[in-house]
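# Predicted model follows, preceded by the sequence.
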Amino acid sequence: MAEVNTHLREGLGEESRSFWQMAWIRFRRHPLARLGGWVLLFLYLGALFADFIAPYPEVKSFRKMQFAPPTPIHWRTEDGRLTRPYVCKVTRTRDLRTFKLVFKEDCSEKYPIYFFVRGYEYKFLGLIPMDLHLFGGPWVTEEKAQIFLWGSDDFGRDLFSRIWFGARVSLTVGIFATILALVLGVFFGGLAGLYAGRPLYAIRGFFHPSFRKGWLESLENGRPWLFGVTLLLQILFWGGAIAVLAVTLAGFWQVSAGLERWIATVIGGGAILWIVWALLFGSLRVDLDDVIMRTTEVLAAIPGLYLLISLAGVMRALNLPPVFTFYLVITILSFVGWGGLARTIRSMVLQLREMEYAQAATALGASEARVLIRHILPGTFTYLIVVMTLAIPGFILGESALSFLGLGIQEPASSWGLLLSKAQAEGIAAINTRPWLLLPGFFIFVSILAYNFLGDGLRDALDPRAKR
């Protein structure tokens, strides 16, 4: 009897847990997902505290220490006793027989390594002036010796410092681009699913019966402000279309002559006159779902890589700052890449809007916006969480590929892809004699793998069909 009561209490306790509590329990049972989460936490903390972790600023270079190997850390004295870790001064010479660079240690003077020391000044989070560093010593700022934990690059810059500074770009760009793509995909996908099969007015002429009918309906529903907002959006959209057509026609008029000029004038002028006539006397109804879905199909037909290369070339011709150019290109790619997510959200909304709770909210007089935001979109949250964790690695790889090809972040800024391009420029020598140049590729591999582990764990944990 006691065992039966125990089992009943356990069963009731398990049944009383919420969905998110059960999801957390299932996630904790996924060891690879936990490992991926801890690895990502470590990487993001390293990127956040890069100024504190790095012994040198991002652009600090040593002209005579190009391609220096990792600095040896000594823990024992000459007689074998343990001591405080220290480094020795390294000098670069060239072998006159092989003409190769040779780095030799001079331990006649030892430079001890201290922790939590004062060093180069920086601004934590770009706001708080600080000069505290994780390790180093007075000899770092006085430049009596160098400490390159992971070697140096072709400009004599500390690769350890630049990897952590580069993590800020490589790790955060995926989050920002994914969030932007999610916002666009959820917004347009939700609209397409909610208004599927329900044509809406794209144009209500001021002197058309539909205008008066819409105004009276808005007064009956108690939402005249909504009618005013849609009317304002209509005027802004079609007014912008008229402006674009007028500017295009004016430019074509200047660069063309003869029959081409008159053909363009007839086509462009006719389009402008039709829009003006429709805004005054006409009416146009469109299926919002059909418009959005056809737009996603057009975007899907655009080759992303070629578009990216073309945009990067255009931005470079405008002489914009490298960082601004990079983020602008990523933003444009986010606008192009939301189509697949929008199609999935549309299909989910089509299913959720027919559920009893959504139908009940509509019957009780809830507005379409409230039904969509409060009752339909929350049903897609678990899917969006998984999509976000699986989409971020794609943007990280995209940034790395761009910078590797010279189309993303440019010197003196750093990212993992840009740092990895140094190894590619060195060719086979990077593997034989300078393997430390491949470390940025290792960080790219680890971050992508960690995100995939985390995404797989979240997908299993948030699956509502999973067994308790």
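Right, received. Where do you want to start?
# For Thr93, pull up the helix or strand it's in.
strand 82-94 (DSSP states H and E).
# Just after that strand, pick out the following helix or strand.
Counting by DSSP H and E, the element after strand 82-94 in chain order, helix or strand, is strand 101-112.
# Just the mean pLDDT for that next one, thanks.
On average, the pLDDT along strand 101-112 is 82.
# Same question for whichever helix or strand comes after that strand: list its buried residues.
Next in sequence after strand 101-112, counting helices and strands by DSSP H and E, comes strand 114-124. For strand 114-124, burial by neighbour count (16 or more other CB atoms under 10 Å) applies to Val117, Gly119, Tyr120, Tyr122. In short, each C-beta sits where N, CA and C put it, glycine included.
# Kindly report the same for stretch 137-156.
Quick answer for stretch 137-156 (16+ other CB under 10 Å): 137, 139-141, 145-153, 155-156.
# if we look at the strand holding Thr93, which residues are touching it?
64-65, 68, 71-77, 100-107, 109-113, 144-147 (CB atoms under 8 Å, 6 or more residues apart in numbering).
# are any of these buried, and which?
Neighbour-count burial (16+ other CB under 10 Å) applied to the contacts of strand 82-94 gives Met65, Ala68, Thr71, His74, Tyr111, Ile113, Ala145, Gln146, Ile147.
# Spatially central, which residue of this protein would that be?
Gly174 (2.5 Å; CA atoms, centre = their mean).
# From what I see, that residue and Thr389 are in contact.
No: using CB atoms under 8 Å, Gly174 makes no contact with Thr389, being 10.2 Å away.
# on that earlier part again, tell me the angle the strand holding Thr93 makes with strand 101-112.
150 degrees (axes from the mean of the first three to the mean of the last three CA atoms, to 10 degrees).
# Adjacent strands (with direction) for strand 82-94?
strand 74-76 (antiparallel), strand 101-112 (antiparallel) (DSSP bridges).
# Distance to Leu384 for these - can I get that in TSV?
Formatted as TSV, these follow (distance: least, CB to CB, whole Å):
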stretch	distance to Leu384
strand 74-76	50
strand 101-112	51
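# Give the residue spans of the stretch 1-150 of the chain that score low on pLDDT.
Residue ranges of the stretch 1-150 of the chain with pLDDT under 70: 1-16, 19, 98-99.
# ok, back up a step: if we take the buried residues of strand 114-124, which one ends up nearest to Trp338?
Checking the buried residues of strand 114-124 against Trp338 with CB to CB, the nearest one is Tyr122 at 36.7 Å.
# Against Phe49, how distant is that closest one?
11 Å (CB to CB, to the nearest Å).
# same question, Met388
Counting by CB to CB, the gap from Met388 to Phe49 is 24 Å.
# Neighbour count for those two, which is higher?
Neighbour count, other CB atoms under 10 Å: between Met388 and Phe49, Met388 has more, with 19 against 14.
# The more buried one: which element?
helix 381-404.
# quick one on the thing from earlier: what are the buried residues along the strand holding Thr93?
For strand 82-94, burial by neighbour count (16+ other CB under 10 Å) applies to Tyr86, Val87, Cys88, Lys89, Val90.
# Tell me where the stretch 101-250 of the chain has helices.
Ranges of helices within the stretch 101-250 of the chain are 138-141, 159-194, 209-221, 224-255, based on DSSP state H, counting those that start in this stretch.
# And these: which comes nearest Leu32?
Short answer: helix 159-194, nearest of the helices of the stretch 101-250 of the chain by CB to CB, at 19.7 Å.
# how far does the closest one sit from the chain's center?
For helix 159-194, the gap between its own C-alpha mean and the chain's C-alpha mean amounts to 2 Å (CA atoms, centre = their mean, to the nearest Å).
# pLDDT averaged over it, what's the number?
Average pLDDT, helix 159-194: 85.
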